[in-house]
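In: sharing a sequence plus its predicted fold:
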Number of protein chains: 2
Amino acid sequence: MKVEVVRNILEANDSVAEELNAWFTARGILALNLMSSPGSGKTTLLEKTLTDLKSEFEFAVVEGDCQTENDARRVAATGAQAVQINTEGGCHLDSAMVRDACAKMNLDKTDIVVVENVGNLVCPAEFNVGEDYKVTILSVAEGDDKPEKYPFIFAQSRVMIINKIDLLPYVSFDVEKASAFAKAVNKNIEIFPLSATTGEGVEPWYAWLRRERIKKKI
Amino acid sequence: MKVEVVRNILEANDSVAEELNAWFTARGILALNLMSSPGSGKTTLLEKTLTDLKSEFEFAVVEGDCQTENDARRVAATGAQAVQINTEGGCHLDSAMVRDACAKMNLDKTDIVVVENVGNLVCPAEFNVGEDYKVTILSVAEGDDKPEKYPFIFAQSRVMIINKIDLLPYVSFDVEKASAFAKAVNKNIEIFPLSATTGEGVEPWYAWLRRERIKKKI
């Protein structure tokens, strides 16, 4: 009974996610689902990316949080459109929430939609929100064992960003080890070590965005 | 229908949690539910605490993870009893899992049971696991805004540990600000800034454990 209800919820979510992805695709929009633990630097990476690529792409952002509108404000300050979803304690975004948030924006000229999920390395992995790809951030302060201990989200992700590499001298984190753990659950995952704060290493991430955006362009 | 099922799950969980807490209380055991984001230092704090207080208390630990038995091994290396629960992707522990894990240990001489929950700052807040108190760790690498953005878990917690204070010179984190956010949702929360790695600041946390243990002692 419980299992049945959960399956129905996931199926209903996937169905809306497929419609939403088709809608993005018909408009040539690249859609990304950005996930991580709380405090890994999702919003800081977005601020940096949206600012640096402002002249190349039109971004729109759906911000998910349990509470506050702080992140939408930070993103909007870069000049991008942003809508905040407060889940009021909910542990992930679902596709209907993202569809409704997108309906509040004008996406006519949008190149890339980024959904910043609730900070959680577990639950968001199960809920597609209409994205082309899941992008998961791991900060070096969290430890290199996380892809082994939370394999599901890394198995689902096209990209793992290893963030806060400016902290590497002060923490015990082996980039090779973290990468090997991620590749063990997902051999095709692309890995970009970078610092969203200092800007070190962001170029390969930007190159990936450019490549994937071209693939979707009509 | 969906809401009804969720309520039933929470009520069933609470009922087992109450029984389990009564069982701990009858044996004079202090039970703690240790929660945080992935990589905030739950296991490292446990290793430090169990080692430093080995001559004072008999500890038993229930380790929760999505995957791997690494944490139970780390804890067992301190000499404490430890049982690992793998949730296989589940985002929190529940009281029945903890009850069954406790049944695998001999708690006749145990003073303190610590349940190390799955790394997740959202879902575990809703599931009591038989504890006297919830203890939530926030690492300074995660940012001082987390108690504002994830208020539910801090509202439920008796203690907030601000961990990794050895990283304060390298990150943007205001201890006063984080404390004010936590107190805004929970005016009685006790806050211990410390570094589980260097040992700085651990004494007030140990003093709290001693005080609470005496209250439960028969």
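Out: That came through fine. Residues are numbered from 1 along each chain as shown, chains lettered A, B, ... in the order given.
In: drop to CA atoms for contacts and neighbour counts, all remaining ones
Out: Fine.
In: tell me the SS of residue A:43?
Out: With DSSP: H, G, I helix; E, B strand; the rest coil as the basis, residue A:43 sits in helix.
In: what secondary structure does the most centrally placed residue in chain A sit in?
Out: Centroid check for chain A by CA atoms, centre = their mean gives residue A:34 as the closest residue, at 0.6 Å. What three-state DSSP gives for residue A:34 is strand.
In: also residue A:147?
Out: What three-state DSSP gives for residue A:147 is helix.
In: number of residues surrounding it?
Out: 26 (other CA atoms under 10 Å in any protein chain shown).
In: who touches it in this structure?
Out: By CA atoms under 8 Å, 6 or more residues apart in numbering or on different chains, residue A:147 lies in contact with A:154, A:178, A:181, A:182.
In: and stretch A:114-124, average pLDDT?
Out: Mean pLDDT, stretch A:114-124: 97.
In: please report how far the residue nearest to the centre of chain A lies from residue A:17.
Out: Distance, residue A:34 to residue A:17, by CA to CA, to the nearest Å: 15 Å.
In: burial of residue A:56, as a residue count?
Out: Neighbour tally, residue A:56, other CA under 10 Å: 10.
In: most widely separated two among the contacts of residue A:147?
Out: Taking CA to CA as the measure, the contacts of residue A:147 span a maximum distance of 11.0 Å, between A:154 and A:178.
In: how about residue A:200: what's its closest non-neighbour residue?
Out: Nearest-residue entry for residue A:200: residue A:194, 5.5 Å, with adjacent residues in sequence omitted and distances by CA to CA, 6 or more residues apart in numbering or on different chains.
In: likewise residue A:217?
Out: residue A:28 is the one closest to residue A:217 (CA to CA, 6+ apart), at 4.5 Å.
In: pull the contacting residues for the one you found.
Out: Taking CA under 8 Å, 6+ apart, one finds A:111, A:216, A:217, A:218 in contact with residue A:28.
In: those residues: which two are farthest apart?
Out: The most widely separated members of these, counting by CA to CA, are A:111 and A:218 (10.6 Å).
In: of the two, who's got more company?
Out: Just comparing residue A:111 and residue A:218: by other CA under 10 Å the higher neighbour count belongs to residue A:111, 21 against 10.
In: wait, that one touches residue A:29, no?
Out: Yes - contact criterion CA atoms under 8 Å: residue A:111 and residue A:29 qualify, at 5.0 Å.
In: quick one: common contacting residues for these two?
Out: Joint contacts of residue A:111 and residue A:29 (CA under 8 Å, 6+ apart) are residue A:213.
In: where does pLDDT dip in chain A?
Out: A:1-3 (pLDDT under 70).
In: how about the strands of it, start to end?
Out: Remark: strands assigned in chain A by DSSP state E are A:30-36, A:59-65, A:81-86, A:112-116, A:133-139, A:159-163, A:190-193.
In: wait, which of those strands is closest to chain B?
Out: Each of these has some distance to chain B by CA to the nearest CA; the shortest is strand A:59-65, at 6.7 Å.
In: returning to what we had before: of residue A:154 and residue A:178, who's got more company?
Out: Neighbours per residue, other CA under 10 Å: of residue A:154 and residue A:178, the larger number sits with residue A:154, 28 against 22.
In: tell me the contacts of the more buried one?
Out: Counted by CA under 8 Å, 6+ apart, residue A:154 has contacts A:136, A:147, A:160, A:182, A:185, A:186.
In: how near is it to residue A:35?
Out: 10 Å.
In: quick one: common contacting residues for the two?
Out: With CA under 8 Å, 6+ apart as the test, residue A:154 and residue A:35 both reach residue A:136.
In: closest to residue A:211 out of the contacts of residue A:147?
Out: Closest approach to residue A:211 among these (CA to CA): residue A:154, at 21.2 Å.
In: relative to strand A:30-36, how tilted is the lengthiest helix in chain A?
Out: Longest helix in chain A by number of residues, with DSSP state H as the criterion: helix A:2-26. If you take axes from the mean of the first three to the mean of the last three CA atoms, to 10 degrees, helix A:2-26 sits at 140 degrees to strand A:30-36.
In: other SSEs contacting helix A:2-26?
Out: Under the contact definition 3 or more CA pairs under 8 Å, 6 or more residues apart in numbering or on different chains; DSSP states H and E, helix A:2-26 sits against strand A:30-36, helix A:95-103.
In: which other residues reach stretch A:175-187?
Out: A:144-148, A:151, A:154-156, A:160, A:162, A:189, A:191, A:193.
In: how about a cut-off of 7 Å?
Out: Identification of contacts with stretch A:175-187 by CA atoms under 7 Å, 6 or more residues apart in numbering or on different chains yields A:144, A:145, A:147, A:148, A:151, A:154, A:155, A:189.
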